[in-house]
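S.K.: Sharing a model that was predicted from the sequence below.
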Amino acid sequence: MWERSPTPEESWSDASGGNEDGEWPIEGIVGEEIRLDGTPRYEVRWGNWSRADGSNTTWQSDIPDRHDLVNRWKRIQSRKRATLAENDLDMDVPWKGITVHQRLTHQRAQAYEEKKQRRFSNLPSTANWDEEVENEYRRLQDRSAEDNGPPLRVRRNTNVAPQPSLRRGRTSSPGQSILSREIPSQPSSSVNSPRRSRPRIDTSISSSPQPGTSSSAAASLQLGSKPSSSSEPCLPYSIQILRSRMERAWTRAARDVMAVGVRIDRNIADKNIPSDLSKFKYIEKGYLFDDGLQEQFHVPRDVFTICDCSQCLDASHCSCQAISDILDPLQRKTYAYSQGLFTFNVPQGTEVIECNKFCGCGPRCQNRVAQQPRDIEIEIFDTKRCGWGARTLGDIPKGKVLGTYTGKVIRREDVDALPEDHYGYLFDLDGTEIKDEENLGSRYTVDSYAHGNWTRFVNHSCNPNMVVYSVVYDTIPDVNMPYVAFVTCQEVAAGTELTINYQPHLDEDFDVKYKHGAERCKCGSKPCRGWYRI
Ligand SMILES: C[S@@+](CC[C@H](N)C(=O)[O-])C[C@H]1O[C@@H](n2cnc3c(N)ncnc32)[C@H](O)[C@@H]1O
């Protein structure tokens, strides 16, 4: 910003009188600008003083003893801004690499903010305005492209985030398990380990039950300790249009259900965003359903087991726990949570039954945890080894439930008809299925290829910091469509990638011949067994 260098006469001495003798009184404030550090300075007009060219103003950071002048100035400016916002319906879109504040005066920028708020007052955040700006930018680009020859297009490189490369034959009979056919003598670590009809992520809990160590009720958002990409050199805005649009759309979807945002690392360039992902629809909570499945999920009220506790202090007196198999060491019924954290006291094959919308307890009941909105911010980033991954932006205690897998629920037998791209993003809802036993009832899988949330970016690690468990709260266990909750099985520091073991029941010395069809594991953990299967 241009600034006149003050002459010796212009040097500040005494605002009330202009100088020590009161020889140059201030006539008034005639201008204002905001400096880069955000503080204002004022253009002051002097009486009894002028330069040779007749000008009589100087820029002053501070006008001691004349708060009346400053306040009056602010009042006038506020009125002007209001009028500007009221009357001028046009909203300038300054582009060509110039930021809004460089182009606009402080007053116009503030009027902008007011106008923006008014125009979008019925919408959740100013993100809509940014989208408008982006759209305008795109229109400008398209227009200039028409004028200037070949278009400047966002090139999307589908190689960056690997698509699942595991290509296996389709099951000849949908009901039959590939795993049980190929690996007939697989050592069974649990009677409840799941059976598979095709290679997919295993939903059973991997760690043996152990009490939670942290008593902290909830991890707070530690923005201060996040692995801020702001300190790293980041890509110019012009090649991040798509990234930032996706980030805003995902964050908006998360906030719509009261969860905190989802970031996409600023080092991901638009050209490296796979084209399918740019169409991906973010769903923080809940499922979409294939034809006819929605009705099965949403069972009527009289089918639910409903408790009438006021605070759900005792699981053995909580009616909704009547069918729960979670017991404490004295074989009394207990909840799966203590002080908001998962206690890992849930035997494999057991579903956690949280209080539901018909229960008498309030939203803060201790048995409502996986259904709470996520309060840990997540960042999607390029792991460089395993494609994109998800990392936490806050420190997390052990036992913290971070979210549930979302996507489209499909019938298990329809999985074979999916394009192969989807295979790496399928999660069987098999937490209660008994391996090598005829499992009664319908079986389902969640496909998060086109719809889902941050959990679909969670990579496999042979030494994971999360496990999963099955939980119901807006349907009943018999429906076989539980949610798959992701919970930390150790303390996790801000900036750490969040991982699960895709197949926790295949142990390390598993016979080499059964590794057929496995992928090379790039988790990089110390105990890496060298391969994984999806
Ligand atoms: C559920 S997705 C995870 C997100 C995925 N990285 C992405 O970029 O969309 C599963 C896919 O991630 C990759 N992946 C996950 N864990 C891996 C590992 N430990 N080693 C190598 N690739 C891995 C594989 O391509 C796998 O098919």
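M.R.: Great, that's in hand. Residues are numbered from 1 along each chain as shown.

S.K.: State the distance from residue 449 to residue 418.
M.R.: From residue 449 across to residue 418, the span is 8 Å (CB to CB, to the nearest Å). All C-beta atoms are positioned from the backbone trio N, CA, C, and that covers glycine.

S.K.: ok, these two, which is more surrounded?
M.R.: When neighbours are counted by other CB atoms under 10 Å, residue 449 comes out ahead of the other of residue 449 and residue 418, with 21 against 17.

S.K.: Does the more buried one fall in a helix, a strand, or a coil region?
M.R.: State at residue 449, reduced to three classes by DSSP: H, G, I helix; E, B strand; the rest coil: coil.

S.K.: returning to that earlier point: now do the shared contacts for residue 449 and residue 418.
M.R.: residue 426 (CB atoms under 8 Å, 6 or more residues apart in numbering).

S.K.: which stretches of this structure have low pLDDT?
M.R.: Scanning the chain for pLDDT under 70 picks out the ranges 1-24, 36, 38, 84-239, 433-441, 506-517.

S.K.: Show me which residues of it are close to the ligand?
M.R.: Proximity of the chain to the ligand, by CB under 6 Å from any ligand atom, involves residues 161-162, 164, 386-389, 424-425, 456-457, 459-460, 521-523, 532, 534.

S.K.: so where's the longest strand in this structure?
M.R.: Longest among the strand segments of the chain by residue count, using DSSP state E, is strand 26-34.

S.K.: Return the set of buried residues in it.
M.R.: By 16 or more other CB atoms under 10 Å, the buried positions in strand 26-34 come out as 26, 27, 29, 32, 34.

S.K.: swap in stretch 488-496?
M.R.: 488, 489, 490, 491, 492, 494, 495, 496.

S.K.: Do I have it right that the first one meets residue 403?
M.R.: No: applying CB atoms under 8 Å as the test, residue 488 and residue 403 come out as separate, 11.3 Å apart.

S.K.: rewinding a little: could I get the longest strand of the chain in PDB with only the CA atoms?
M.R.: C-alpha atoms of strand 26-34 as PDB (Å, rounded to 0.1, in the frame of the first residue of the first chain):
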ATOM      1  CA  ILE A  26      -6.500  17.900  13.900                       C
ATOM      2  CA  GLU A  27      -9.400  18.700  11.700                       C
ATOM      3  CA  GLY A  28     -10.600  15.200  11.400                       C
ATOM      4  CA  ILE A  29     -10.000  11.700  10.100                       C
ATOM      5  CA  VAL A  30     -10.400  11.400   6.400                       C
ATOM      6  CA  GLY A  31      -9.200   7.800   5.600                       C
ATOM      7  CA  GLU A  32      -8.400   4.500   7.000                       C
ATOM      8  CA  GLU A  33      -6.400   1.400   5.900                       C
ATOM      9  CA  ILE A  34      -5.700  -1.900   7.500                       C
END
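
S.K.: so what secondary structure elements neighbour that strand?
M.R.: Packing partners of strand 26-34 (3 or more CB pairs under 8 Å, 6 or more residues apart in numbering; DSSP states H and E): strand 40-46, strand 57-60, helix 67-87, helix 106-119.

S.K.: again, only using 6 Å
M.R.: strand 40-46 (3 or more CB pairs under 6 Å, 6 or more residues apart in numbering; DSSP states H and E).

S.K.: got the angle between the strand it packs on and helix 67-87?
M.R.: 110 degrees (axes from the mean of the first three to the mean of the last three CA atoms, to 10 degrees).

S.K.: so what strands line up beside strand 40-46?
M.R.: In the sheet, strand 40-46 lines up against strand 26-34 (antiparallel), strand 57-60 (antiparallel) (DSSP bridges).

S.K.: Thank you, goodbye.
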